[in-house]
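make a model of this:
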Amino acid sequence: MEGSKKKNSTEKSRIVISVSDINCTVCVTAIQKQVMKIPGIEDVKTSIMLNKVFIDYDPKLVDTSTIRKAIDKTGFKSYMTIKENH
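Alright, predicted model coming up:
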């Protein structure tokens, strides 16, 4: 079963951040571009209907407060965080 082996050297975490007033694709793009600038961010997905941003990142390279500050920089207010480890 090739591809089923995971490298132990890469630790991956997911953070789910609630963000108020995400209501269009322009909002989503602004948030995704800003967050993807941060070293250690692996993936960013945004749900307009849920007002949530799902971010996969390497906790060795970036912390959750840096991610939230990047979202706040776009003019949207992040107000709740759920952290998951993979």
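
residues making contact with the helix or strand bottoming out on mean pLDDT in the chain?
Least confident helix or strand of the chain, by mean pLDDT, DSSP states H and E, is strand 78-85 with a mean of 79. With contact meaning Cβ atoms under 8 Å, 6 or more residues apart in numbering, strand 78-85 is reached by 11, 13-20, 53, 64, 68, 71-72. C-beta: built from backbone N, CA, C; applies to glycine.

in this structure, which spans are strands?
Here the chain has its strands, by DSSP state E, at 13-19, 41-47, 52-57, 78-85.

what's the angle between the third one and strand 13-19?
Between strand 52-57 and strand 13-19, the angle formed by their directions is 150 degrees, by axes from the mean of the first three to the mean of the last three Cα atoms, to 10 degrees.

what packs against strand 52-57?
strand 13-19, helix 25-36, strand 41-47, helix 64-73 (3 or more Cβ pairs under 8 Å, 6 or more residues apart in numbering; DSSP states H and E).

before we move on, the earlier item: so which of the strands of the chain comes closest to Ala30?
Across these, Ala30 has its closest neighbour in strand 41-47 (9.8 Å, Cβ to Cβ).

and that closest one, which strands flank it?
Its sheet considered, strand 41-47 pairs with strand 52-57 (antiparallel) by DSSP bridges.

average pLDDT for the strand it pairs with?
What strand 52-57 shows for mean pLDDT is 96.

show me the contact partners of that strand.
Taking Cβ under 8 Å, 6+ apart as the rule, strand 52-57 contacts 12-19, 22, 31, 35, 38, 40-47, 67, 71, 78, 86.

show me the shaky parts of the protein.
Residue ranges of the chain with pLDDT under 70: 1-10, 85-86.

what is the spatially most central residue of the chain paired to in the beta sheet?
Geometric centre of the chain, nearest residue: Ile55, 2.3 Å, by Cα atoms, centre = their mean. With DSSP bridges applied, Ile55 shows beta-bridge pairing to Ile15, Val44.
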